[in-house]
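Q: sequence first, predicted coordinates after that:
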Amino acid sequence: MKVSVVIPTLNEGKSIGITIDQIPKDFANLEIVIVDGLSKDDTVEVARNKSARVVMETRKGYGRAYKSGFASARGDIIVTMDGDTTYPAEEIPALVKMLIDENLDFITCDRITKMEQGAMTATHKFGNWVLKVGTNMLFGMELKDSQSGMWVFRKSILDKVHPVSDGMPFSEELKIEAFKNKNLKCKEVSVPYRPRIGEVKLNTWGDGMKNLTFLMKKKTGKVEPTYKEEEKKGTADINSKGTEDKSGKGTADGREKGTADISRKGTEEKKEGTVKTEEKKDAPKIEETQKTEEKKPDASVQSTSHPSSKGPQETEKTKE
Ligand SMILES: Nc1nc2c(ncn2[C@@H]2O[C@H](COP(=O)(O)OP(=O)(O)OP(=O)(O)O)[C@@H](O)[C@H]2O)c(=O)[nH]1
Ligand SMILES: [Mg+2]
């Protein structure tokens, strides 16, 4: 059994190295996949030096990054988290074991119950509460945390769940798609959540409103994929349209559009106004890089937890 830890990054140079170091490495045949949205700092270089596989996704957005990351993941099980040290990487072995032992399809991790001090501002907590209540009311769910970005699931479910959001709403949409699918066994598990290292990118009000609006649209069936043509061709997940954050700062849901050359070879070349790749203009290739060969497969996921793991806390009955 192979496990892929997929992490989207946008200017997480200060924290991506620590995040990768925190992931237990020997509990499974593991790959770490960083999906970078053209970070302006040394995120990509740090990740490469830690032997992560780097996928460049120049199109903006958290959801867009995950779609490409999932398509690129080689594991049977996918684990996700932010590249900012907020999620408990040490819990990954126990969560994977739970998924296998309980024959689950999808686990989402609740950050609220075991949140550490300083991990979230009061405004951010309020926003999360509103979105959780909205999600639960509109879709008949009982989540404690609809916005969590740590999930553990079988890659095979990607045939059955079809989130379309390219931005931050991807998180709530994936949970809705999974929990509302009667053929999937899903569970919410409480895990610690810690203060982030690096600059906060989320705009509580702006992104909060976008998430809320998205929920309403999803409920009324008005949600449509942003990259329809490419999705139809089946190339959207492994190809890139060539967009660039010109602000130099990056936003959580990146909205500025530009064009960029993504042919990175340690450094990034850019040429405004063109997509300077050898691929077709409408579908330039996402580039993947990895500094060293990944470890050869172990036989299977080991059943022991990482020593530092107290084990994730289950907070909701498995949905059959
Ligand atoms: N590739 C890519 N990654 C992104 C993008 N936007 C955000 N991310 C990454 O997605 C993860 C989640 O974003 P965060 O900014 O941490 O959002 P959050 O956890 O809701 O909020 P804070 O941690 O409080 O800032 C982080 O690792 C970001 O670097 C994007 O447009 N493209
Ligand atoms: Mg974060």
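A: Noted; the coordinates are in hand. Ligands and ions are numbered 1, 2, ... in the order given.
Q: might you name the residue of the stretch 151-300 of the chain sitting closest to ligand 2?
A: residue 196 (5.3 Å; C-beta to the ion). In short, each C-beta sits where N, CA and C put it, glycine included.
Q: and for the residue of the chain found nearest ligand 1, the neighbour number?
A: Residue nearest to ligand 1 within the chain (C-beta to the nearest ligand atom): residue 37, separated by 2.7 Å. Residues contacting residue 37 under the criterion other C-beta atoms under 10 Å number 25.
Q: got the contact list for the residue of the stretch 151-300 of the chain closest to ligand 2?
A: For residue 196, the contacting residues are 15, 82, 84, 85, 86, 119, by C-beta atoms under 8 Å, 6 or more residues apart in numbering.
Q: repeat that for 6 Å
A: Counting by C-beta atoms under 6 Å, 6 or more residues apart in numbering, residue 196 makes contact with 84, 86.
Q: roughly how far apart are it and residue 67?
A: 23 Å (C-beta to C-beta, to the nearest Å).
Q: equivalent analysis for residue 188, please.
A: Taking C-beta to C-beta, one finds residue 188 at 23 Å from residue 67.
Q: also residue 222?
A: 20 Å.
Q: in terms of neighbours, single out the busier of these two.
A: Per other C-beta under 10 Å, whichever of residue 222 and residue 67 has more neighbours is residue 67, with 25 against 9.
Q: and the gap between the more buried one and ligand 2?
A: The gap separating residue 67 from ligand 2 is 18 Å, by C-beta to the ion, to the nearest Å.
Q: can I assume that residue sits in a helix?
A: Yes. Residue 67: assigned to a helix according to DSSP: H, G, I helix; E, B strand; the rest coil.
Q: make residue 1 into 225 and carry on from there
A: All right, first residue 225 from here; so that's residue 291.
Q: quick one: pLDDT of it?
A: On pLDDT, residue 291 comes in at 97.
Q: go on, residue 433?
A: pLDDT, residue 433: 88.
Q: tally of neighbours for it?
A: 12.
Q: what about dumping the CA coordinates of the host helix or strand of it to CSV?
A: Assigned by DSSP states H and E, residue 433 belongs to helix 428-443. What follows is helix 428-443 as a C-alpha-only set of coordinates in CSV (Å, rounded to 0.1, in the frame of the first residue of the first chain):
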residue,chain,number,x,y,z
THR,A,428,-11.3,35.9,6.8
TRP,A,429,-14.2,38.0,5.4
GLY,A,430,-13.4,37.8,1.7
ASP,A,431,-12.8,34.0,1.6
GLY,A,432,-15.6,33.5,4.2
MET,A,433,-18.1,35.2,2.0
LYS,A,434,-16.9,33.3,-1.0
ASN,A,435,-17.3,30.0,0.9
LEU,A,436,-20.8,30.9,2.0
THR,A,437,-21.9,32.0,-1.5
PHE,A,438,-20.4,28.8,-2.8
LEU,A,439,-22.5,26.7,-0.4
MET,A,440,-25.7,28.4,-1.6
LYS,A,441,-24.7,27.8,-5.3
LYS,A,442,-23.9,24.2,-4.6
LYS,A,443,-27.2,23.7,-2.9
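Q: please spell out which residues along it are buried.
A: Under the neighbour-count criterion of 16 or more other C-beta atoms under 10 Å, helix 428-443 has 428, 431, 432, 434, 435, 436, 438, 439, 442 buried.
Q: the fourth one and residue 388: what is the separation?
A: This means residue 434. 14 Å.
Q: go on, the fifth one?
A: As judged by C-beta to C-beta, residue 435 and residue 388 stand 14 Å apart.
Q: with the second one instead?
A: Applying C-beta to C-beta, the value for residue 431 to residue 388 is 17 Å.
Q: and for residue 368?
A: Residue 368 is 25 Å from residue 388, by C-beta to C-beta.
Q: shaky segments in this structure?
A: 449-513, 515-544 (pLDDT under 70).
Q: okay, domains of it per the record?
A: For the chain, automatic domain parsing gives the domain ranges 226-468, 495-543.
Q: out of those, which one sits most buried?
A: domain 226-468 (a mean of 20; mean count of other C-beta atoms under 10 Å).
Q: wait, isn't residue 305 in contact with residue 312?
A: No. When contacts are counted by C-beta atoms under 6 Å, residue 305 is not listed as touching residue 312 (8.5 Å).
Q: regarding the residue of the chain found nearest ligand 2, what is its secondary structure?
A: Closest to ligand 2 within the chain is residue 306: 3.6 Å, counting by C-beta to the ion. Recorded secondary structure, residue 306: coil (three-state DSSP).
Q: right, and it touches residue 373 too?
A: Yes. Using C-beta under 6 Å, residue 306 is in contact with residue 373, at 5.4 Å.
Q: residues contacting the residue of the chain closest to ligand 1?
A: Contacts of residue 261 (C-beta under 6 Å, 6+ apart): 234, 281, 289.
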